[in-house]
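> sequence first, then the predicted structure:
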Amino acid sequence: MNTTFLKACKGEQTSHVPVWFMRQAGRYLPDYQRVRSKLNFLDLCKNPALCTEVTLQPVDIFHFDAAILFSDILVPMEAMGLPLEFHEGQGPVFPEPVRSQQAAEALRIPNPAEDMPFVLETIRLLRRELKVPLIGFAGAPFTLATYVIEGGSSRNFYATKSMMFQRPELYRLILDKITACTSSYLIAQAKAGAQALQLFDSWAGALAPCDYERFALPYVQSILADLRKHTDIPLIYFANHGATLLRHTSGLDADVLGIDWRIPLADAIRQVGPHAVQGNLDPLALFLPKTELEARIAAMLEDGKAARGYIFNLGHGVIPETDPDQVKIAVEAVHRFSSRSKQS
Ligand code: 1CP
């Protein structure tokens, strides 16, 4: 078992810097496209054998030091009773967005074993196959709320922010329910065998820091506190566009903070407090010529030495246009440069 990732999460010494990429499974991989061409995305998410296959693909091909469960952050929102559709080329759609007291009250708190058994089954299947740790995940409450309140992706989060400011009690009812759902979902993932858990707060950076503090952070704190009562596996919090929020997130009881690429890694490390750090190569840097990509990775590894623990990752997900050969170059560079620098 390769445990470098788990050790780095806890700030322990490792033989090399572990590396995994957000969205390491997905459309940039021909092997994924082959599986995905046979069924729609949500059906794929509900098929444990195929989820296992696509989770393993990037680990087998590129030798990542961790696997991330193949699923989507919106799966538990469907289990809360909200019809969910994925439209080709458009992303997720909730045809019945939650914008009224009645709709919020109708949201149910799912029982993960009964309502999302396929996720837990995927975890159990993966643990039999994997020689690297398995990361489970969920969306953070604010990010999930934007999808269910807007009815899908959004540019300026008008429906969410106007509810936050004009109907804070309704907003809080929705967030409380999403928080309860997320806690029990992540605890169930840990019990099924996930070896680390990541909360994705993809849209946190759309909030002014004062609003993040009131309308997003407390729910993240509540989930982390709940998880600490039930499991001792590493907890990772990733706020995309989160550099402006580090003053708040550096106080979180997570083991690792994920950092996006809009802040120099060295600056982030100075601000993260007692956390290990994960990140933060711009996903588009995978389009650099090989020598420049390698130079950038070498510089990040140098900066990463100052962290309590350092996990190499992108600053957000791999984009579908990425050349798999460039991913290979990046992973190999992380492994080669970091094991070399440990010897010197
Ligand atoms: O067409 C397809 O095949 C679907 C594309 C796709 C994939 C491969 C979607 C739709 N989701 C996923 C998998 C996925 N999503 C994973 C597991 C794969 C891996 O990481 O290796 C994970 C962890 C997610 C998480 C996720 N889904 C996030 C948080 C991370 C992030 O990228 O910020 C978010 C915001 C989503 C919503 C979502 N799902 C899919 C799309 C296209 C979107 C984003 C839409 C938008 O921009 O609002």
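Right, received. Where do you want to start? Numbers count the residues shown, from 1 in each chain.
> can I take it that residue 278 is in a helix?
No: read with DSSP: H, G, I helix; E, B strand; the rest coil, residue 278 is strand and lies in no helix.
> ok, it - how many residues close by?
Residues near residue 278, counting by other C-beta atoms under 10 Å, number 30. Heads up, the C-betas are built off the backbone N, CA and C, glycines and all.
> what do you get for the one 3 residues further on?
Residue 281 is flanked by 23 other residues according to other C-beta under 10 Å.
> one more: residue 19?
Residue 19 is flanked by 30 other residues according to other C-beta under 10 Å.
> angles on the backbone of it, please.
Main-chain dihedrals, residue 19, degrees, to the nearest 10: phi -140, psi 130.
> for beta bridges, what are the partners of it?
Note on residue 19: beta-bridge partners by DSSP bridges are residue 312.
> and it, what does it touch?
Counting by C-beta atoms under 8 Å, 6 or more residues apart in numbering, residue 19 touches 64, 65, 311, 312, 313, 330, 331, 334, 335.
> list the contacts of the first one.
This points to residue 64. So residue 64 contacts 19, 20, 21, 24, 58, 132, 331 (C-beta under 8 Å, 6+ apart).
> farthest pair in those residues?
Greatest spacing in those, by C-beta to C-beta: 21 and 132 (13.0 Å).
> write out the residues of the chain neighbouring the ligand.
Residues of the chain lying close to the ligand (C-beta under 6 Å from any ligand atom) are 22-27, 36, 41, 68, 70, 72-74, 86, 91-92, 137, 153, 200, 202, 240, 317.
> just the buried ones from the residues you listed?
Burial by neighbour count, 16 or more other C-beta atoms under 10 Å: within the residues of the chain next to the ligand this picks out 22-26, 36, 68, 70, 72-74, 86, 92, 137, 200, 202, 240, 317.
> residues contacting the closest residue to residue 36 other than its chain neighbours?
Sequence neighbours aside, residue 44 is the residue nearest to residue 36 in space, at 6.1 Å (criterion: C-beta to C-beta, 6 or more residues apart in numbering). For residue 44, the contact set (C-beta under 8 Å, 6+ apart) comprises 35, 36, 50, 51, 54, 70.
> just send the residues you listed back as TSV, with pLDDT, distance to residue 268 and secondary structure too.
Below are the contacts of residue 44 laid out as TSV (pLDDT from 0 to 100; distance: C-beta to C-beta, whole Å; DSSP: H, G, I helix; E, B strand; the rest coil):
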residue	pLDDT	distance to residue 268	secondary structure
35	98	35	helix
36	97	34	helix
50	98	36	helix
51	98	32	helix
54	98	31	helix
70	98	28	coil
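> how many residues are close by the spatially closest residue to residue 108 that is not a sequence neighbour?
Distance criterion C-beta to C-beta, 6+ apart; nearest residue to residue 108, sequence neighbours excluded, is residue 81 at 4.9 Å. Neighbours of residue 81 under the rule other C-beta under 10 Å: 15.
> surely residue 81 and residue 109 touch.
No: counting by C-beta atoms under 8 Å, residue 81 does not reach residue 109; the two are 9.8 Å apart.
> what's next to stretch 333-341, contact-wise?
Contact partners of stretch 333-341, identified using C-beta under 8 Å, 6+ apart, comprise 15-17, 19, 63, 293-294, 297-298, 301-302, 305, 312.
> just the buried ones from those?
Looks like those have 16, 17, 19, 293, 294, 297, 298, 301, 312 buried, using 16+ other C-beta under 10 Å.
> just the residues you listed now: which is nearest the ligand?
Nearest to the ligand out of the buried ones among the contacts of stretch 333-341 is residue 19 (C-beta to the nearest ligand atom; 13.5 Å).
> about what we covered before: out of the contacts of residue 64, which is most surrounded?
Going by other C-beta under 10 Å, residue 19 tops the contacts of residue 64 with 30 neighbours.
> from residue 245, how far off is that residue?
25 Å (C-beta to C-beta, to the nearest Å).
> now do residue 325
Distance of residue 325 to residue 245, given as C-beta to C-beta: 35 Å.
> compare these two (neighbour count), which wins?
A count of neighbours by other C-beta under 10 Å puts residue 245 above the other of residue 325 and residue 245, at 20 against 10.
> that one contacts residue 237, doesn't it?
No: the pair residue 245 / residue 237 is not scored as a contact, 10.4 Å apart, by C-beta under 8 Å.
> one step back: please produce CSV containing the contacts of residue 19, extended by pLDDT.
Output for the contacts of residue 19, formatted as CSV (pLDDT from 0 to 100):
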residue, pLDDT
64, 98
65, 98
311, 98
312, 98
313, 98
330, 98
331, 98
334, 98
335, 98
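> ok so, going back, and which of the contacts of residue 44 is nearest residue 278?
Looking across the contacts of residue 44 and measuring by C-beta to C-beta, the closest to residue 278 is residue 70, at 19.1 Å.
> for the ligand, what's the nearest residue on the stretch 201-344 of the chain?
For the stretch 201-344 of the chain, C-beta to the nearest ligand atom, closest residue to the ligand: residue 202, 3.2 Å.
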